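**Student:** With the input below, show me the fold.
(chains A and B)
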There are 2 protein chains.
Amino acid sequence: MKERYLITGFSGFVAKHFIDYLEKLKLKVEVYGIDLQRPSFDLLKFKHVTCFFEQVNLIERDQLKSVIERIRPNYLLHLASFSSVAYSWREPSESFRNNTNIFLNILEIINELEVNCRILSVGSSEEYGNIAEEDLPIKESHKLVPTSPYAVARVAQEMLSRVYVDGYGLDIVMTRSFNHMGPGQNQQFVISGFINKILEARKLNQNAIKVGDISIVRDFVDVRDVVRAYYLLFKNGKCGEVYNVCSGRSVMLSEVISIISEIMEVKINPQVDEALIRPIDNRVIKGSYQKLKDATDWSPQIPLTQTLKDMIISLGQK
Amino acid sequence: MKERYLITGFSGFVAKHFIDYLEKLKLKVEVYGIDLQRPSFDLLKFKHVTCFFEQVNLIERDQLKSVIERIRPNYLLHLASFSSVAYSWREPSESFRNNTNIFLNILEIINELEVNCRILSVGSSEEYGNIAEEDLPIKESHKLVPTSPYAVARVAQEMLSRVYVDGYGLDIVMTRSFNHMGPGQNQQFVISGFINKILEARKLNQNAIKVGDISIVRDFVDVRDVVRAYYLLFKNGKCGEVYNVCSGRSVMLSEVISIISEIMEVKINPQVDEALIRPIDNRVIKGSYQKLKDATDWSPQIPLTQTLKDMIISLGQK
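**Tutor:** Down below sits the predicted model:
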């Protein structure tokens, strides 16, 4: 019988890259995707992986239960989330409730049906909250001081995971994933947004683009490195443990713009728009991936310039 | 206009002692109690404090909203919780959901109605989880590793409090309250349980009582010291900060039994019943109340022997 993967949040860009990775490994596995929205990619384009999709609302417990009962996955990649921090500020309790409720639904159902399944609970570097520069690169042992409702929900998800591991014997591995970037990412995210603005500017023969605070420093990790980490954590992660998934490399947003300009051979003049500046908690974020490396031998492989090139190509084709 | 206190979980023993304390201070204040169960004490017995009670289900948002809208309290003491750790293991997600949902209901309503109100969010020493002996007495800066669904909900409550303070300007002070004891406490709790068993044994002229693991060491704080701390935190606690409420004194359960025996002038022979032994995470718990003391000048005033005497009298009268 083929190995079965169940992926929540299937229509997002991370799921797509995860399947690409399984396909690259030539794995004869079945992938069942569930999401509220239909995916935008072709399910039949894979040669090795067999893909299925079902429209499911994870908040509807009975609906979710019947799906899990039918599939009885070996691996469950929980990517679904109401992930916008902005939304979580607009609708704090709604955001918190939805995020924790969908996760609790999954845990309860897996527990109830006694599905022999490894769950990857994807968390966020947002869980750390404010980080002092002397604590960089940040390790998993650092304390969590979440500063948004979204981040509190992610912390609760992680803590509940641990309780279900210790108390009910579920097999859960947790991540704290840092800023993703890569081809296919929505333009609402900062790097895709930059590239898009620069592409637009070039079209109009302009060189000014509006930006927020580009002096902040972030740890951006290529989504293709991320999904490889997720796969390796399914295989070699330790149950009940949490792992940073990050590049271990910090880069200033202004530097990212310079590299994009260089690749595209345009001169760009970023102009700070006060309206785009958000109250910023962290000036500098950088993670340590030592724990992930020790467990799985993972390290990031894709250089920043390569990621940006691929993103430019992908966005330029639209 | 008189100051108005709103107390959730009004029919529990902490609320009763809180009103006793306001009465002792001869405060001409109004106290509005809400709970699912009716209180067992007489609302009319107070000379200074005016008491009201309303049966309210905190999970019913509209019901709660109409109450808060009417009262517009100056102080909100949130004592209500599905506080049994055992229940939280039986119904983990239910317990987690209920505890966080009633708290989120309160925050949302106070925020929506723009009630100018200080909230005391009562948490638990359970939030710390396993504590190494070298970290005792435990301080608020220690990291939180909750080990039950109940404890995760308490951590989430505290983290959400901080988010609502920073993000929405609510006025919330948080506690991590350690084991309570005192007159009126339910016999399900360990010390009341001991006293009750010893009273029973004495009646039957026996000296054996069945106990669990009495070699564990806990920080028990008298409920009358606890409510005084809560009152002082309403007046002098710092918004957005969390305070241990503890005795700073650790005592072994076997020692508690010895003191009770001495006070009652009986010889007691505790016999360990394996069925009463729970998987124990912490052998020794002791808190530091330095932060609370610095903020409010609070320190515990009631010696252990006094508490036990009062509890024996109270339980003996039943």
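**Student:** Quick check: can you list the domain ranges of chain A?
**Tutor:** A:4-181+A:221-248+A:286-301, A:190-217+A:250-284+A:306-316 (automatic domain parsing).
**Student:** do you know which of these lies nearest residue B:44?
**Tutor:** When the domains of chain A are compared by CB to CB, domain A:4-181+A:221-248+A:286-301 sits nearest residue B:44, at 37.1 Å. The C-beta positions use only the backbone N, C-alpha and C, and glycine is treated the same way.
**Student:** by contact count, what packs against the one helix or strand in chain A whose mean pLDDT sits lowest?
**Tutor:** Lowest by mean pLDDT, DSSP states H and E among the helices and strands of chain A is helix A:85-90, with a mean of 77. Where contact means 3 or more CB pairs under 8 Å, 6 or more residues apart in numbering or on different chains; DSSP states H and E, helix A:85-90 is packed against helix A:92-112, helix A:149-168.
**Student:** JSON lines for the domains of chain A, including mean neighbour count?
**Tutor:** Shown next, in JSON lines, are the domains of chain A (neighbours: other CB atoms under 10 Å in any protein chain shown):
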{"stretch": "domain A:4-181+A:221-248+A:286-301", "mean neighbour count": "19"}
{"stretch": "domain A:190-217+A:250-284+A:306-316", "mean neighbour count": "15"}
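**Student:** Tell me who's in contact with the closest residue to residue A:14 other than its chain neighbours.
**Tutor:** Spatial nearest neighbour of residue A:14, excluding adjacent residues (CB to CB, 6 or more residues apart in numbering or on different chains): residue A:79 at 5.4 Å. Counting by CB atoms under 8 Å, 6 or more residues apart in numbering or on different chains, residue A:79 touches A:7, A:8, A:9, A:10, A:12, A:14, A:15, A:122.
**Student:** what's the distance between residue A:79 and residue A:175?
**Tutor:** Counting by CB to CB, to the nearest Å, the separation of residue A:79 from residue A:175 is 11 Å.
**Student:** Low-confidence regions, chain A specifically.
**Tutor:** A:278-281, A:318 (pLDDT under 70).
**Student:** Tell me which stretches of it form helices.
**Tutor:** A:13-24, A:61-71, A:85-90, A:92-112, A:149-168, A:190-203, A:223-236, A:253-264, A:290-296, A:304-316 (DSSP state H).
**Student:** Against which helices or strands is the first one packed?
**Tutor:** On a contact count with 3+ CB pairs under 8 Å, 6+ apart, helix A:13-24 meets strand A:4-8, strand A:30-35, helix A:223-236.
**Student:** Those residues of chain A touching chain B, which are they?
**Tutor:** Taking CB under 8 Å from any CB of the partner chain, the part of chain A that reaches chain B is made up of A:89, A:92-93, A:96-97, A:100-101, A:104-105, A:107-108, A:143-149, A:152, A:155-156, A:159-160, A:162-164, A:166-168.
**Student:** 7 Å instead?
**Tutor:** Counting by CB under 7 Å from any CB of the partner chain, chain A comes close to chain B at A:89, A:93, A:96-97, A:101, A:104, A:108, A:143, A:146-149, A:152, A:155-156, A:159-160, A:163, A:166-167.
**Student:** which residues do residue A:79 and residue A:175 both contact?
**Tutor:** residue A:122 (CB atoms under 7 Å, 6 or more residues apart in numbering or on different chains).
**Student:** residue contacts, residue A:244?
**Tutor:** Contacts for residue A:244 (CB under 7 Å, 6+ apart) come out as A:140, A:176, A:287, A:288, A:289, A:291, A:292.
**Student:** when you check those residues against the strands, which ones overlap?
**Tutor:** Counting by DSSP state E, the contacts of residue A:244 place residue A:176 in strands.
**Student:** For chain B, state which of the contacts of residue A:244 is nearest.
**Tutor:** Comparing these against chain B with CB to the nearest CB places residue A:140 closest, at 11.4 Å.
**Student:** what sits against that closest one?
**Tutor:** Contacts of residue A:140 by CB under 7 Å, 6+ apart are A:242, A:243, A:244, A:291.
**Student:** for residue A:142, same thing?
**Tutor:** A:128, A:135.
**Student:** So what does it have for phi and psi?
**Tutor:** The phi/psi pair for residue A:142 (degrees, to the nearest 10) reads phi -70, psi 150.
**Student:** closest to residue A:257 among the contacts of residue A:79?
**Tutor:** Nearest to residue A:257 among these is residue A:14, at 24.3 Å by CB to CB.
**Student:** pretty sure that closest one is touching residue A:224, no?
**Tutor:** No - the criterion here is CB atoms under 7 Å, and residue A:14 misses it with residue A:224 at 10.1 Å.
**Student:** Could you check how far the closest residue to residue A:313 other than its chain neighbours is from chain B?
**Tutor:** Using CB to CB, 6+ apart and skipping the chain neighbours, the partner closest in space to residue A:313 is residue A:183 (7.4 Å). Distance of residue A:183 to chain B, computed by CB to the nearest CB, to the nearest Å: 34 Å.
**Student:** just checking, residue A:183 touches residue A:310?
**Tutor:** Yes - the pair residue A:183 / residue A:310 is scored as a contact, 4.9 Å apart, by CB under 7 Å.
**Student:** List phi and psi for the closest residue to residue A:34 other than its chain neighbours.
**Tutor:** Spatial nearest neighbour of residue A:34, chain neighbours left out: residue A:56 (4.0 Å); criterion: CB to CB, 6+ apart. In terms of degrees, to the nearest 10, the main-chain angles of residue A:56 are phi -140, psi 140.
**Student:** residue contacts, residue A:56?
**Tutor:** Counting by CB under 7 Å, 6+ apart, residue A:56 has contacts A:34, A:63, A:64, A:67.
**Student:** ok, now which ones touch the nearest residue in space to residue A:58 that is not next to it in sequence?
**Tutor:** Using CB to CB, 6+ apart and skipping the chain neighbours, the partner closest in space to residue A:58 is residue A:102 (4.0 Å). The contact partners of residue A:102, by CB under 7 Å, 6+ apart, come to A:58, A:59, A:80.
**Student:** Show me which of the residues you listed is closest to residue B:47.
**Tutor:** Distances from residue B:47 to the contacts of residue A:102, taken by CB to CB, are shortest for residue A:59, at 51.3 Å.
**Student:** that older thread, and the residue nearest to residue A:14, how far is that from chain B?
**Tutor:** Applying CB to the nearest CB to residue A:79 and chain B gives a distance of 20 Å.
**Student:** what does residue A:65 give?
**Tutor:** Counting by CB to the nearest CB - residue A:65 and chain B are separated by 13 Å.
**Student:** Please identify the nearest residue in space to that residue, excluding sequence neighbours.
**Tutor:** residue A:109 (4.9 Å).
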